[in-house]
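1. Quick one, what's the 3D model for this:
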Amino acid sequence: MRYLPHSDHERADMLGVIGAADIDALFSAVPKAALNNFVLDLPAHSPEFLVEAHMRALAGKNHAAGDGPFFVGAGAYRHHVPASVDHLIQRSEWLTAYTPYQPEISQGTLQMLFEFQTQVAKITGMDVANASLYDGSTGTAEAVLMARRLTRKNKIVLSGGLHPHYRDVVKAYLKNDPDLVCLSPSPNGQGDILEQIDGNTAAIVVQTPDFYGHLRDLKAAADAAHARGALLIVVITEVVSLGLLEAPGALGADIVVAEGQSIGNALNFGGPYLGLMATKKEFIRQMPGRLCGETVDADGNRGFVLTLSTREQHIRREKATSNICTNSGLCALAFSIHMALLGEAGFTRLARLNHANAIALADALDGVPGVDVLNDTFFNEMTIRVTQPAAPLVERLARRGILAGVPVSRLLPGDASVDDLIILAATELTTKADIAALVAALTEELA
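-> As a prediction, this is how the structure comes out:
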């Protein structure tokens, strides 16, 4: 987007319209203490082409995900996004007002959201999905609040395998509520979450594959929760795993939340991402966000409308189920188009490719002296223990052009028990040459 500065004449015209004598009068309501009284240390103005060259030089200092072997995951994954996705999301059919309140002018967007909801409900095995939330972490917090409303109980238990950022978002939502139980990190497996369920428990929150890559026994978790009148909230950070693993809904999940970035949305240096939420039909009126439905018009033609939107903008604040006031429309569109391009068979093949490459990675790492692969089960991500502090090791590998995963200490600082752990992911983009380069570099660094 070009920057088009206003001229002095244009500024004077605008100030005249609103009745301000000058720019100081416009900001007169701002306390002087809140105004900057210093000159920003910026270079003098420069021709546009020189600014572009300078910015390109700065960008060239980055080592992007596609610049070499890449094994970073831990909640955000590098997958191939077909060029057709970016082309199709820019078609005029999707250009509409910010919010599709008026179905007579928003059928394209409304139908897309309806198809998106159908896709999410299908892959999660749930009855109904909403039109998306901001991301997986805020979706998890909304699911916790939803469980409290449904059960009228307060105790929430977060698994030790839940992504630390997701845990922190839930803690922020609940303001460190004493009824929130956060179990210790469990890099070796299941942990003891089932033993924490009692008659006051509203829900347990279990991620699978978990933060460390382990697959969790959802059926056992659902049975244990339901036996005490609690709900099972399932969190998924790698949505591609649903192409291969049994859907959480078939295993007894009550609410499923996921990060949808892996489908249709590139890493983009950190976002925006896409929150997915699905649940059982009987819980639909407590689901946050908006939901699109199918109907017919006066002539019997198929059409789409906003069916439910239980937020405070539409109803009284005290009756609102959530302060979530929108959905991630563009990211949901990209997800839906990519999923449609894949189809059910393609989605399964994509998942199988991911798992096959992860097996090759695990087998290769298992042969490196000084590396211990902790996982007995995994989808496309795993945790290794190394014989030295992980963070500096990962930094040395990065200087060699290999992004060798995420040191767990980066997300759990101050916990000495995880200082020697690294989480690595393999996707369909991981090649044999990437794995060979990682193994060779790790062998040298750990020798």
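2. mind checking the SS state of the spatially closest residue to residue 147 that is not a sequence neighbour?
-> Using CB to CB, 6 or more residues apart in numbering and skipping the chain neighbours, the partner closest in space to residue 147 is residue 203 (3.6 Å). (Glycine included, C-beta is placed from N, CA and C.) At residue 203, secondary structure determined by DSSP: H, G, I helix; E, B strand; the rest coil is strand.
3. got the contact list for residue 203?
-> Taking CB atoms under 8 Å, 6 or more residues apart in numbering, we find residue 203 in contact with 143-144, 147-148, 151, 156-157, 225, 230-233, 254-255.
4. how far away is it from residue 144?
-> Between residue 203 and residue 144 the computed distance is 7 Å (CB to CB, to the nearest Å).
5. And the residue nearest to the spatial centre of the chain, how close does it get to residue 55?
-> The C-alpha lying nearest the average C-alpha coordinate of the chain belongs to residue 259 (CA atoms, centre = their mean; 3.4 Å). Here the distance between residue 259 and residue 55 works out to 30 Å (CB to CB).
6. measure the residue nearest to residue 147 to residue 276 for me?
-> Between residue 203 and residue 276 the distance is 18 Å, computed by CB to CB.
7. For the lowest-mean-pLDDT helix or strand in the chain, give me every contacting residue.
-> Least confident helix or strand, the chain: strand 302-309 with a mean of 87, by mean pLDDT, DSSP states H and E. In this structure, residues lying in contact with strand 302-309 by CB under 8 Å, 6+ apart are 100-101, 103, 107, 110-111, 113-114, 284-285, 287, 289-297.
8. Among those, name the ones in strands.
-> When those are checked against strands (DSSP state E), the matches are 290-296.
9. circling back to that earlier point, list buried residues within the contacts of strand 302-309.
-> The neighbour count (16 or more other CB atoms under 10 Å) marks 100, 103, 107, 110-111, 113-114, 287, 289-292 as buried among the contacts of strand 302-309.
10. Between those residues, which sits nearest residue 45?
-> Ranked by distance to residue 45 (CB to CB), the buried ones among the contacts of strand 302-309 are led by residue 100 at 42.0 Å.
11. so what's the closest one closest to, chain neighbours aside?
-> By the measure of CB to CB, 6+ apart, the closest residue to residue 100 outside its immediate chain neighbours is residue 106, 3.4 Å from it.
12. Can you check what pLDDT the model gives the one you found?
-> You'll see residue 106 listed with a pLDDT of 81.
13. Distance from stretch 27-43 to the middle of the chain?
-> On the basis of CA atoms, centre = their mean, to the nearest Å, the separation between the geometric centre of stretch 27-43 and that of its chain is 36 Å.
14. pLDDT on that stretch, on average?
-> Rounded to a whole number, the mean pLDDT of stretch 27-43 is 84.
15. start at 45 instead
-> Okay, using 45 as the starting number, the last item reads as stretch 71-87.
16. Could I get the full set of helices for the stretch 45-194 of the chain?
-> Read by DSSP state H, counting those that start in this stretch, the stretch 45-194 of the chain holds these helices, from start to end of the chain: 52-62, 67-70, 92-103, 127-133, 151-168, 180-195.
17. Can you tell me which of those helices is packed in deepest?
-> helix 180-195 (a mean of 24; mean count of other CB atoms under 10 Å).
18. tell me what that one is packed against?
-> The criterion is 3 or more CB pairs under 8 Å, 6 or more residues apart in numbering; DSSP states H and E, and the helices and strands that helix 180-195 contacts are strand 199-202, helix 208-218, strand 245-251, strand 275-280, strand 299-303, strand 319-323.
19. could you check the angle strand 319-323 makes with that helix?
-> In this structure, helix 180-195 runs at an angle of 20 degrees to strand 319-323, with axes from the mean of the first three to the mean of the last three CA atoms, to 10 degrees as the basis.
20. angle of helix 180-195 against strand 299-303?
-> 170 degrees.
21. avg pLDDT for helix 180-195?
-> The predicted model assigns helix 180-195 a mean pLDDT of 96.
22. Ok, stretch 399-409 next?
-> Mean predicted confidence for stretch 399-409 is 98.
23. wait, doesn't residue 214 sit right on residue 249?
-> Yes. Residue 214 lies in contact with residue 249 (CB atoms under 8 Å); the separation is 7.5 Å.
24. more crowded one of those two?
-> Comparing residue 214 with residue 249 by other CB atoms under 10 Å, the one with more neighbours is residue 249, at 30 against 24.
25. and the more buried one, what is it in contact with?
-> So, once contact is read as CB under 8 Å, 6+ apart, residue 249 ends up touching 184, 187-188, 200-203, 206, 214, 277, 279.
26. Would you mind putting those into JSON lines with distance to residue 135 alongside?
-> Conversion of the contacts of residue 249 to JSON lines gives the following (distance: CB to CB, whole Å):
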{"residue": "184", "distance to residue 135": "33"}
{"residue": "187", "distance to residue 135": "33"}
{"residue": "188", "distance to residue 135": "37"}
{"residue": "200", "distance to residue 135": "42"}
{"residue": "201", "distance to residue 135": "45"}
{"residue": "202", "distance to residue 135": "41"}
{"residue": "203", "distance to residue 135": "41"}
{"residue": "206", "distance to residue 135": "38"}
{"residue": "214", "distance to residue 135": "38"}
{"residue": "277", "distance to residue 135": "36"}
{"residue": "279", "distance to residue 135": "33"}
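27. Identify, from those, the entry nearest to residue 420.
-> Using CB to CB as the measure, the one of the contacts of residue 249 that approaches residue 420 most closely is residue 203, at 17.3 Å.
28. Compute the number of surrounding residues for that closest one.
-> Here the neighbour count serves as a burial measure; for residue 203 (other CB under 10 Å) it reads 26.
29. Can you give me the distance of it to residue 237?
-> Computed as CB to CB, the residue 203 to residue 237 distance reads 5 Å.
30. got any residues that touch both of those two?
-> Overlap between the contact sets of residue 203 and residue 237, as judged by CB under 8 Å, 6+ apart, is given by 227, 248, 250.
31. What is the burial count for the first one?
-> By that I understand residue 227. Residue 227 is flanked by 19 other residues according to other CB under 10 Å.
32. for the stretch 195-344 of the chain, which spans come out with low pLDDT?
-> Within the stretch 195-344 of the chain, the ranges that satisfy pLDDT under 70 run 234.
33. can you rerun that using 90?
-> Applying pLDDT under 90 to the stretch 195-344 of the chain picks out residues 219-220, 229-236, 312-315, 333-334, 341-342.
34. ok, back up a step: run me through the strand neighbours of the least confident helix or strand of the chain, direction for each.
-> Taking DSSP bridges as the criterion, strand 346-353 pairs within the sheet with strand 334-340 (antiparallel).
35. domain assignment for this structure?
-> Domain ranges of the chain: 127-383, 386-490, per the TED database.
36. Dump these into a markdown table; add distance to residue 120 as well.
-> As requested, the domains of the chain are exported to a markdown table (distance: least, CB to CB, whole Å):
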| stretch | distance to residue 120 |
| --- | --- |
| domain 127-383 | 6 |
| domain 386-490 | 9 |
